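1. Prediction below, plus the sequence it came from.
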Amino acid sequence: MKNFSPAVRYAAPFVVWMGIAQLQGFFEGRPLFWIYGLRIVMTAGVLFYSLKGCAPEIRGKLDRSSVGAGLAVLFFWLLFSIRLIPGSQKASFDPLLFESHTARILAILVRIFGAVVMVPVIEELFWRGFLMRYLISKEFLKVRLGAYSHFSFWVTALAFAFFHSVSDWPAAFLAGIFYGGYLTKTGNFSGCVLAHATTNLGLAVYILITQNWGLWG
């Protein structure tokens with residue numbers, strides 16, 4: 001995607017990811033896992049070409065403070081999802097629908113890969129790498145990663161929440177604040193991705209332990 005504009009390179013993986021997600025509304029049960037697998041494969045192809053043009057700018061270091069930020073988001077996500085909005089989770093991705101143990105394991109692994117590897121990169125590339133800077137200047141590559149303005153920071157956090165399910169809005173809004181705050185403080189994009197991945201991995205572990213599949217939507 002070197003011939004495409006920077007905005008397209010940063011936004012394309014997210015657009016493809018969310019676009020295919022719309023197909024999920026037409027399916028239920030086991031087919032959802034196949035659609036999710038298709039979503040990963042197609043988005044990964046777009047992401048591969050996008051990152052070839054973005055990688056030099058979004059490199060950073062993996063630090064322990066980013067893990068702390070991710071765990072803080074996990075705490076509030078579980079607090080809102082389980083304690084404050086009980087019974088709101090309707091399970092769509094339920095691997096127990098598969099009779100085969102092998103199929104169940106594969107379905108879980110695919111879902112975890114999407115949540116822990118794909119989503120953090122795709123969403124951070126779009127929300128914090130692109131939108132938070134684009135709202136400061138249309139020539140967003142001239143804006144440093146983590147640059148702060150009241151408008152860009154809070155609009156990005158709100159938009160990030162809006163793209164989650166309604167029951168997740170409070171937790172997702174806080175997540176947007178934490179991830180955006182981390183990037184604003186450090187300018188470390190890789191750390192921001194790691195924070196997001198930490199949250200999603202922790203959530204996956206909780207889901208596997210409790211079998212509360214509804215937390216995966």
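-> Everything's here; your move.
2. For the rest of this, base every contact and every neighbour count on C-alpha atoms.
-> Will do.
3. elements contacting the lowest-mean-pLDDT helix or strand in the chain?
-> Of all the helices and strands that make up the chain, helix 31-58 has the lowest average by mean pLDDT, DSSP states H and E, namely a mean of 86. Helices and strands touching helix 31-58, as assessed by 3 or more C-alpha pairs under 8 Å, 6 or more residues apart in numbering; DSSP states H and E, comprise helix 6-21, helix 101-113.
4. Swap in 10 Å and give it another go.
-> Counting contacts by 3 or more C-alpha pairs under 10 Å, 6 or more residues apart in numbering; DSSP states H and E, the secondary-structure elements packed against helix 31-58 are helix 6-21, helix 101-113, helix 119-124, helix 189-210.
5. Show me how far that helix is from its chain's centre.
-> Per C-alpha atoms, centre = their mean, to the nearest Å, the displacement of helix 31-58 from the mean C-alpha position of its chain is 12 Å.
6. how much does that helix deviate in direction from helix 6-21?
-> Angle, helix 31-58 to helix 6-21, by axes from the mean of the first three to the mean of the last three C-alpha atoms, to 10 degrees: 170 degrees.
7. List of residues touching the following helix or strand past helix 31-58?
-> Of the helices and strands lying after helix 31-58 in sequence (DSSP states H and E), the nearest is helix 64-78. Residues external to helix 64-78 that are found in contact with it (C-alpha atoms under 10 Å, 6 or more residues apart in numbering): 79-85, 168-179, 181-183, 186, 188, 190-203, 206, 215.
8. Any idea which of the helices and strands packed on helix 31-58 gets closest to residue 156?
-> Using C-alpha to C-alpha as the criterion, the shortest distance between residue 156 and the helices and strands packed on helix 31-58 is 11.0 Å, found for helix 119-124.
9. And that closest one, how far out from the chain middle?
-> A distance of 4 Å separates the centroid of the chain from that of helix 119-124, by C-alpha atoms, centre = their mean.
10. Next secondary structure after it?
-> Helices and strands here follow DSSP H and E; after helix 119-124, the next one along the chain is helix 132-134.
11. Next secondary structure element downstream of that following helix?
-> Under the assignment DSSP H and E, the closest C-terminal helix or strand after helix 132-134 is helix 150-162.
12. what bits of this structure have low per-residue confidence?
-> For the chain, the stretches with pLDDT under 70 are 1-3, 53, 83-91, 217.
13. Thanks a lot, see you next time.
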